[in-house]
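Colleague: When you get a sec, could you give me coordinates for this:
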Amino acid sequence: MGASNVGKTGTIVREVGEKPELKRVPYTRTNGKVTETRDHWIIPIDIDESVLRATPPSQMQTALAIAEGVDSINPIYAIQEDPRMIDFQRELIQVRDSLEDEEDKAKVTDYARLISASNTPWDAFHWSLPFPIPRDRIPEGFLEGDLPLWDHTDPPKARGLVADELPLEQIKRLKNWDAVNSTVVKTSEGYIAPLNEERFAIELRPIISSLQRAKELTQEPTLEAYLDATINQFQVGSKESLTASEVAWIGSKSDLDFIIGTGIEKYSDGIARIRGMAQGVVGLVNHEFDPLIEKLKARMTYWEKNAPWDHKKDEATLENVPIIKFLEVLSWTGNYDHFPFITAAESLPNDKKVAEKYGTVNVIFSNIHRAVQLTVGTELADQFLMPEAHQYVSLFGFMSQLHMGQHELGHTTGGYDLPKSPDDYFGEHDARFSEFEEARANLFASWTLPDLVEMGVITEEQKIAGYYNELIGWAFSLMFPAEDHSGAANMCFHYFLEKGAIVSHHTRAHARPGESVSQKFTIDIEKWEATTAELLGKLTDWKAVGDYESTEAHLDKYISMKRAHWVRKTTSDRPLGRLLVFPQIKVGEIAGSGRTSYEVSWPKEYMDQKRTIPAMIQNGQL
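Modeller: The predicted structure is shown next:
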């Protein structure tokens, strides 16, 4: 972004102050058997300058009002992760400020920053994030609670969403037990499952106030309708109000978009797997990809009719082509950060009945993706690919964004012959629906690439780059617990390896320092494409008829953790995890010119962001 630029709206965009540097920060994690020190990234987030310049001042003011609401939902998420988290983060600040040793103070600052990003002392892979200095160097009276700060214990299976990890049989007896926006809590009279909008009514007040202010500011009717429906959702919390908000979101035509709720993505509780967590994001639509989006959407009917599965969508459903948006994120919070992961794209609504009737919206977070690409480099290609495949690395950036769009579209494909949606049906049989559904979406994205070459959308080299980018992601995921996306990657890697689509090479010539023999991979293109079609068809037809026995047998056969130690060891020098620093935007006026200015600045420290719990504590909000 330049120091000062004028947009077509007459708006001047200026950078003020210093932008934080892209840097690596060490941290320690342990699973009780292995303790390792790795780095994570701190990444300043840019917003596409052309998008800022094209945004009218009234729309920017509306966006900033919504951003205040988005930031304010983080305390709800922290409580859902663990009810102790807000007090714990307050205590971390007190411990830091009480320490005299500067080295210890710096270590606690780094740890507090990491906890403020994760809102839990465990990472997404269930490893503990141990406190960085010994207990005997902690001032008396601090950190005396029951959090596992020095010894590893497994995290609560249900996070803070289900009190005492109540068994599913008992959960099903409670009112609202299956509401995505509910939490199981223990009272003096027993267990209840209140809607989050009831439980967190006080915490929702500033969020509602911010959305009401945005509603007064907006000049776009469909955005106003969406804001109104969302405000009502937070005031009521019923299934009907949630659906009304989702339908209004799908119908919004604004270039300003947001997603916010107290429970959105399912499967967060680990027991009933139907409860979501609080999250919020606000951003501006980037129209750079509109021509590509239109080509992809226009091809969806062709792909469904010619797909390698038998159970096709009917003609009426085919007309519900998903909406695809590339969004420049202004701010996000809650479940969009689940360290060491961040969210690159999202497909909503989760309610399949709403999706089938009104359609879906697939959002790709374009500036988040650009930030991630800054930290990828060539390390994983060096680790996993033979040298002849390195020629494709420069094409990974675009193909990653294309893959995200196609992946989200893949979730919407395929028909079914069941009395209810397949995810509900599989959930009732406790099958691992998300693992094979994420695999199915990945395979769909890969399956479409040869056709995109025929259409002239991408080149043959880009197609092959897409395959290698997928292979690297699968290989790196082998060290993670085989759940959801990682489970899908694990299964696909081993299946493609067995079919000869992935070719393994054991070589001394390309061994890294400390290795005597290195294992690297190439792709047999013909076998890759044949295996993609074969497995995609198989998984989609199993989904269509509810064949959970075949699905589980397949996952059990091809998911393996035998390579986890190798991947973890050989990638130990590579950062794991990203903390994002979003810019602040101030709307002003250039004196004497009548022009509006957008001043873009960044906080000096991650924890200075308004969305973090430490910032809210320091500002007196908590």
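Colleague: Going by C-alpha atoms from here, please, whenever you check contacts or count neighbours.
Modeller: Will do.
Colleague: What would the helix or strand hosting Val567 look like as CSV? C-alpha coordinates only.
Modeller: Using DSSP states H and E, Val567 falls within helix 564-570. C-alpha atoms of helix 564-570 as CSV (Å, rounded to 0.1, in the frame of the first residue of the first chain):
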residue,chain,number,x,y,z
ALA,A,564,3.5,-38.6,12.2
HIS,A,565,6.8,-38.7,14.0
TRP,A,566,8.7,-38.5,10.7
VAL,A,567,6.8,-35.4,9.6
ARG,A,568,7.0,-33.7,13.0
LYS,A,569,10.8,-34.3,13.2
THR,A,570,11.6,-33.3,9.6
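Colleague: Which strand residues bridge Ile523?
Modeller: Beta bridges link Ile523 to Ile502, judged by DSSP bridges.
Colleague: wait, isn't it in contact with Ile502?
Modeller: Yes. Counting by Cα atoms under 8 Å, Ile523 touches Ile502, with 4.8 Å between them.
Colleague: circling back: please identify the buried residues of the helix holding Val567?
Modeller: Neighbour counts over helix 564-570 (16 or more other Cα atoms under 10 Å) mark Ala564, Val567, Arg568, Thr570 as buried.
Colleague: separation between the last one and Cys492?
Modeller: In this structure, Thr570 lies at 21 Å from Cys492, with Cα to Cα, to the nearest Å as the measure.
Colleague: who's in contact with Ser245?
Modeller: With contact set as Cα atoms under 8 Å, 6 or more residues apart in numbering, Ser245 has these partners: Tyr226, Ala229, Thr230, Gln233.
Colleague: Please identify which helix or strand holds it.
Modeller: For Ser245, the host element (DSSP H and E) is helix 239-251.
Colleague: how about low-confidence regions in the stretch 451-600 of the chain?
Modeller: Residue ranges of the stretch 451-600 of the chain with pLDDT under 70: 507-517, 591-593.
Colleague: any idea where the strands of it begin and end?
Modeller: Ranges of strands within the stretch 451-600 of the chain are 502-507, 518-523, 578-581, 584-589, 596-601, based on DSSP state E, counting those that start in this stretch.
Colleague: contacts for the helix holding Val567?
Modeller: If you take Cα under 8 Å, 6+ apart as the criterion, helix 564-570 is touched by Gln383, Ala475, Phe476, Leu478, Met479, Phe480.
Colleague: Just want to check the distance between the last one and Thr571.
Modeller: If I follow you right, that is Phe480. To Thr571, Phe480 is 12 Å away according to Cα to Cα.
Colleague: Can you list the low-confidence ranges for this structure?
Modeller: The model of the chain has pLDDT under 70 over residues 1-10, 315-320, 377, 419-431, 507-517, 591-593.
Colleague: burial measure for the residue nearest to Val321 when sequence neighbours are not counted, as a count.
Modeller: Once flanking residues are discounted, Val321 sits nearest to Lys297: 6.4 Å by Cα to Cα, 6 or more residues apart in numbering. Per other Cα atoms under 10 Å, the neighbour tally for Lys297 reads 16.
Colleague: Spell out the secondary structure type for Lys297.
Modeller: Recorded secondary structure, Lys297: helix (DSSP: H, G, I helix; E, B strand; the rest coil).
Colleague: for the one 5 residues further on, same thing?
Modeller: Using three-state DSSP, the structure places Tyr302 in helix.
Colleague: Same question for Phe444.
Modeller: Three-state call for Phe444 (three-state DSSP): helix.
Colleague: just to revisit the earlier point, can you tell me which of the contacts of helix 564-570 has the most neighbours?
Modeller: Ranked by neighbour count (other Cα under 10 Å), the contacts of helix 564-570 have Leu478 at the top, with 26 neighbours.
Colleague: Check the gap between that one and Lys295 for me.
Modeller: 34 Å.
Colleague: likewise Glu81?
Modeller: Plainly put, Glu81 is 41 Å away from Lys295 if you go by Cα to Cα.
Colleague: Name the residue in those two with the higher neighbour count.
Modeller: Between Glu81 and Lys295, Glu81 has the larger neighbour count (other Cα under 10 Å), namely 26 against 13.
Colleague: Quick check: the more buried one touching Lys157?
Modeller: No. Glu81 is beyond contact range of Lys157, at 10.7 Å (criterion: Cα under 8 Å).
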